[in-house]
Structures are given as structure tokens and as C-alpha cells.
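S.K.: what would the 3D arrangement of this be:
(chains A, B, C and D)
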2 protein chains.
Amino acid sequence: MNFFQFFQQNAKAKVLAKGDVLFHQGEACQQLFYVQSGLLKGFYLDEQGNESIKSFIGDNDIITSVQAVAGSGISSFSLQALEETHVLAIDFALIEAQRMKDLTFANELVGILLKFAMKKERREFELLTLSAEQRFIQLAKEHAIWLDKITQNDLARYLGITPVGLSRIKKRVLGDHE
Amino acid sequence: MNFFQFFQQNAKAKVLAKGDVLFHQGEACQQLFYVQSGLLKGFYLDEQGNESIKSFIGDNDIITSVQAVAGSGISSFSLQALEETHVLAIDFALIEAQRMKDLTFANELVGILLKFAMKKERREFELLTLSAEQRFIQLAKEHAIWLDKITQNDLARYLGITPVGLSRIKKRVLGDHE
DNA sequence: ACGGAGCGTTAACCCAAGTTAAAATTATGA
DNA sequence: TCATAATTTTAACTTGGGTTAACGCTCCGT
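M.R.: Numbers count the residues shown, from 1 in each chain, chains lettered A, B, ... in the order given. Presented below is the predicted three-dimensional model:
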């Protein structure tokens, strides 16, 4: 069976208002979500309350805590809506059951995981090899839309710096044109 | 069919001497490798010649360039042996063919990819949320063996800092006990 | 229109890590 | 064993980004 057919047949629709949390760091997460529309952030919070943003998730993205559904059962991060967001939720157990008996489905899952792996490899590359300034330039090029929709605080926490740091980088990079 | 059976039947053994390169950044990579014994580093080299180490790969690890086999065809990093290393090499096309017709095989691949995704998520977490010093402490705890086998230059490039920086961190963390 | 909340900017000061270069230590090979 | 190369440490100086706090702007809500 086709992955998205399966999704449509077995998933439940959910609507999140701005600020709503889909799942919390430290709690169980047994579902996988497909984002129909809207925008979410996945983020870590440490003991001191420092936030680090793992990723932004938008239209047509699939999101879950891999650690939770395939490992410990507990999510290591939270997922929160930055605006009104419509998602489809499906129990991961259903996906597991289906892939065990459906070759086409299993192979679509392989494809999805390969794409996911490439995305993570990319992010790893940027965090490892680029300076904060280079990461900002990269982001501004590839996700220009984010600059409008996402607050500077969140953008900074995604780049691994503070909002103050990002403000300085913006000044340096975008220039004053005085 | 079982993944490792398949591997054993279709893979070619290769022996790498210290310093040998399994595949080069910027070149095609169509194979997947299973490390029987030894140690490799996967690393990026930028235009200025700065090296960043993506990962160390040891006994029983599976390694390939996901970008290359599932995306552009070109590897974004190089893979080099840090000591004599024995690997099994298999064409990724064979894996693709097998997973398309073998449910068990496809699902084992899903399992492998889920584990890979968890590893990458972990690395992303560390690069995003921890300071260089915290990353070193973490590494010393989890991979104490690496401290002996791997040069400080390589360890530093894995942590995202310079060898000089790592020397300072070691002094700070391990203390002088004077 | 006013007052506050939230967001972004700026400034002053601090510190971790980069850079360069020299010194010290450890490995390696003839 | 000794000489040379490679690795690690140390030192001096620079720099990017953190921290704190003040300031300004904008957007609401009343």
C-alpha cells in the first residue's frame, strides 16, 4: 500500500493553535505526524532553561521523535506550533505493523528514512564546519521565508547562538548601507 | 533474506593500510561498507584545507555516503583508515534490488536506518547544545578508548575545535593535580 | 491616545577558542 | 643509540560570541 494512502486512512487530524505543544521533551511519544499546513519548532531545553532549536517543520514535512518511537520511548525534545498548524497523527505501532507485511510500504519507508538521513547529515555538516555567521548566510539563502515568519530569538536558537549574537551578525552581514 | 547473509554472499573483502582512503570527497561512491575490524575517519575538507571530522567508524559499523548512494551520487566527505582496516564492500545497487523484492531484507534495512537516524540525531544534539568542553567530557566518558587510539588533532577536528584548543580543554578538565 | 508587553538593537565587558609560533615531548627509523 | 620527524603543550595576542542591561520600536488592548 502507498504510504500516504495508509496515512489518510489511519491518521487523525489535529489542529494546533499558535503555542500549542504536540509532544513534550521527557514524555512518551508514540505517534508520527504529517504537517498539512503551518509551522512548528522542535527544541531542546536544558536544566538551566536554555533552548536549542533542532529544526523547523513546515508544510508536507513528516516529524516524530525517532529516539522515542524506535528507542527509549521518551522524546528528547518538544514540538511546538509557531502558528496555526494542521497535522495528521498516526500511531507508530500501525506503521510498524504495516511495514512488516507490506513490501511496497516498507520500501517507501526506506525512502523516507534515506531522505531524513540526508537532511540530518546536512545539518550535522553545517553545525560542524560552518561558523555562526556562515550558517546565517546559508539560512538566509535557502530559507529566506523563515526570516519573516520566525522570530529572531528562534532563528538564533536554531543557529546555535543568542538573539544578541544574531543581531550583531545581521548587522555585519546585511550591512548598514549608511 | 537476512541482511548479513546477503552481505557475506555479495560483498568483496578489502584490506586498507593505515592512511588508505576508501572513497574521496567529491567523487562517486556507489558502495556500502561493513567494517570487520580497524578504524576509519569520515571527514570534510573545505577550500582552505580545514578538516572537520564527521565520525569515526569502527568494528561492526556500516558506512557509506547516504548523499552519494541515495542522492547526488557524489560523496561530500572522504573516508580514511587510521589503522589497518578490514572491510566488506557491496554495491548499493544490489541492496536496492534486494530490498525491492525481499520483505525481510527491506525491514532490516528500515531497522538499520532507524539506528543511523538516532546516531545522527545524537550528534546533532551534541553539536547544537553542548560547548566544546562539554563535548570533550562526553566523549571521554563514552569513548575512552578513542583517547588512546586517535591523535589529538583528529579528536579536536571531531569536536569542532583546533588541537591547540583541545590541549587547553584537557588541561582544564583533567587537571594538573599539581 | 496612552501604557504596557514583546521584540530587536546597541553598548560594555568578559571569556572561550582561534592563530601563530616556539618549546617540549614522544615516536620512528637508520 | 642518536637524529629526525611528528605530536602535544605552552605562550601571546586576537576575535567572535556570551552576558547583562539599557534603549527603542511596534503592536495591541483598553
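
S.K.: contacts, neighbours, all on C-alpha from now
M.R.: Noted.

S.K.: ranges for the helices of chain A?
M.R.: Per DSSP state H, chain A carries helices over the ranges A:3-10, A:66-70, A:92-101, A:103-129, A:132-142, A:144-149, A:152-159, A:163-174.

S.K.: quick one: buried residues of the longest one?
M.R.: Spelled out, it's helix A:103-129. For helix A:103-129, burial by neighbour count (16 or more other CA atoms under 10 Å in any protein chain shown) applies to A:103-110, A:112-118, A:120-121, A:123-129.

S.K.: test my guess that residue A:24 contacts residue A:68.
M.R.: No - judged on CA atoms under 8 Å, residue A:24 makes no contact with residue A:68 at a distance of 11.2 Å.

S.K.: list the residues that contact both of the two?
M.R.: Residues within reach of residue A:24 and of residue A:68 at once, by CA atoms under 8 Å, 6 or more residues apart in numbering or on different chains, are residue A:75.

S.K.: which residue packs closest to residue A:165, ignoring adjacent ones?
M.R.: Among residues not flanking residue A:165 along the chain, residue A:156 sits closest, at 7.6 Å (CA to CA, 6 or more residues apart in numbering or on different chains).

S.K.: for the one you found, list the residues it contacts.
M.R.: Per CA under 8 Å, 6+ apart, neighbours of residue A:156: A:162-163, A:165-166.

S.K.: picking that back up, okay, the helices of chain A in JSON lines with mean pLDDT and distance to residue B:5 next?
M.R.: Formatted as JSON lines, the helices of chain A follow (pLDDT from 0 to 100; distance: least, CA to CA, whole Å):
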{"stretch": "helix A:3-10", "mean pLDDT": "90", "distance to residue B:5": "29"}
{"stretch": "helix A:66-70", "mean pLDDT": "93", "distance to residue B:5": "24"}
{"stretch": "helix A:92-101", "mean pLDDT": "96", "distance to residue B:5": "19"}
{"stretch": "helix A:103-129", "mean pLDDT": "96", "distance to residue B:5": "20"}
{"stretch": "helix A:132-142", "mean pLDDT": "95", "distance to residue B:5": "43"}
{"stretch": "helix A:144-149", "mean pLDDT": "91", "distance to residue B:5": "47"}
{"stretch": "helix A:152-159", "mean pLDDT": "96", "distance to residue B:5": "42"}
{"stretch": "helix A:163-174", "mean pLDDT": "93", "distance to residue B:5": "52"}
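
S.K.: let's have those helices in a markdown table, adding distance to residue B:87.
M.R.: Converted to a markdown table, the helices of chain A look like this (distance: least, CA to CA, whole Å):
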| stretch | distance to residue B:87 |
| --- | --- |
| helix A:3-10 | 35 |
| helix A:66-70 | 28 |
| helix A:92-101 | 30 |
| helix A:103-129 | 22 |
| helix A:132-142 | 35 |
| helix A:144-149 | 43 |
| helix A:152-159 | 37 |
| helix A:163-174 | 45 |
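
S.K.: tell me which of those sits nearest to residue B:73.
M.R.: Closest of those to residue B:73 is helix A:103-129, at 12.3 Å (criterion: CA to CA).

S.K.: I'd like to know which elements the closest one is packed against.
M.R.: helix A:3-10, helix A:92-101, strand B:51-57, helix B:66-70, helix B:92-101, helix B:103-129 (3 or more CA pairs under 8 Å, 6 or more residues apart in numbering or on different chains; DSSP states H and E).

S.K.: which one, of these, ends up nearest to residue B:43?
M.R.: Closest approach to residue B:43 among these is made by strand B:51-57 (4.2 Å; CA to CA).

S.K.: that closest one close to DNA strand C?
M.R.: No - applying CA under 7 Å from any atom of the strand, one finds strand B:51-57 out of contact with DNA strand C, separated by at least 10.5 Å.

S.K.: which parts of chain A sit against chain B?
M.R.: Within chain A, the positions adjacent to chain B are A:52, A:54, A:66-67, A:70, A:99-104, A:106-107, A:109-110, A:113-118, A:120-121, A:123-125, A:127-129, A:160 by CA under 8 Å from any CA of the partner chain.

S.K.: can you pick the most crowded of the contacts of residue A:156?
M.R.: residue A:166 (21 neighbours; other CA atoms under 10 Å in any protein chain shown).

S.K.: contacts only, for that residue.
M.R.: A:152, A:156.

S.K.: same question for residue A:57.
M.R.: Here residue A:57 is in contact with A:35, A:39-42, A:63 (CA under 8 Å, 6+ apart).

S.K.: and which of these is nearest chain B?
M.R.: Distance to chain B across these (CA to the nearest CA) is lowest for residue A:42, with 11.6 Å.

S.K.: report how many residues lie close to the residue nearest to the closest one when sequence neighbours are not counted.
M.R.: Nearest non-adjacent residue to residue A:42, counting by CA to CA, 6+ apart: residue A:79, 4.4 Å away. The tally of other residues near residue A:79 (other CA under 10 Å) stands at 26.

S.K.: do the same with the one 5 residues further on
M.R.: Using other CA under 10 Å as the criterion, residue A:84 is surrounded by 15 other residues.

S.K.: now swap in residue A:52 and tell me
M.R.: 25.

S.K.: tell me the pLDDT of it.
M.R.: As predicted, residue A:52 sits at a pLDDT of 96.

S.K.: try residue A:1
M.R.: Residue A:1 is given a pLDDT of 82.

S.K.: how about the residue lying closest to residue A:64 once chain neighbours are set aside, what does it touch?
M.R.: Spatial nearest neighbour of residue A:64, chain neighbours left out: residue A:32 (4.9 Å); criterion: CA to CA, 6+ apart. When contacts are counted by CA under 8 Å, 6+ apart, residue A:32 touches A:62-65, A:89-92.
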